[in-house]
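Participant: Sequence first, predicted coordinates after that:
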Amino acid sequence: MENETLENAKSMSIICTKGTLDWAYPPFILATTAAAMDVKVSMFFTFYGLQLLKKKVDHLQISTLGNPGMEMPMMGMHMTMPNIMSAIPGVDAMCTTMMKNLIKKKGVASIEELREAAVDLDVEMIGCEMTMGLFEMGREDLMDGLKYGGAATYMENALKSDINLYI
């Protein structure tokens with residue numbers, strides 16, 4: 001019986017490069033879901049993805065720029081946000097507030113809750129040391145319990161993983 005468990009063991013590696021509120025959800029939802037299904041999960045946060053590991057993530061915002069598929073339920077219909085909207089001061093902040101309200105109204109877990117779930121499910125979260133140096137971020141800026149490494153650390157996990165995702 002024990003060998004069957006080992007033969008069926010799966011692993012997943014996720015590289016997280018985006019630092020906006022809407023891009024924070026996919027990696028954490030996939031990681032926590034996989035971990036709950038007994039998949040060994042490793043998340044590597046690099047470049048703007050490091051924003052997701054800051055002690056507080058209430059600074060995360062939505063950007064309408066380059067997001068032509070963005071629709072928000074408003075006034076009983078779905079309103080598409082044209083890219084030009086991001087040039088208007090305050091639009092990204094307004095969209096962020098709307099999204100946070102929608103998340104709360106629909107009972108979707110917050111990023112803080114998803115991060116806690118990831119910790120509880122033993123998801124390995126790795127901060128990219130090269131990016132930390134580039135952006136002058138210290139370990140004291142990021143949440144506790146992280147591991148740190150570089151591209152070789154990511155590759156070591158990715159080469160052994162059954163599933164590799166770039167988000």
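Facilitator: Received, thanks.
Participant: any weak-confidence spans in the chain?
Facilitator: 1-8, 66-70, 72-75, 79, 81-84 (pLDDT under 70).
Participant: where do the helices sit along it?
Facilitator: Along the chain, counting by DSSP state H, helices occupy 2-7, 21-36, 91-105, 111-120, 129-134, 151-160.
Participant: Just the buried positions in the second one, please.
Facilitator: Of the residues in helix 21-36, those buried by neighbour count under the rule 16 or more other CB atoms under 10 Å are Leu21, Asp22, Trp23, Ala24, Tyr25, Pro27, Phe28, Leu30, Ala31, Thr32, Ala34, Ala35. Yep, even glycine has a C-beta here, placed from its N, CA and C like the rest.
Participant: residues contacting the closest residue to the last one other than its chain neighbours?
Facilitator: Distances taken as CB to CB, 6 or more residues apart in numbering place Leu121 nearest to Ala35, at 3.7 Å, with adjacent residues excluded. Contacts of Leu121 were listed using CB atoms under 8 Å, 6 or more residues apart in numbering, and they are Thr32, Ala35, Ala36, Val41.
Participant: between the buried residues of helix 21-36, which is closest to Ser161?
Facilitator: Ala34 (10.7 Å; CB to CB).
Participant: Quick one: residues contacting the closest one.
Facilitator: Here Ala34 is in contact with Lys10, Met12, Val41, Ile163 (CB under 8 Å, 6+ apart).
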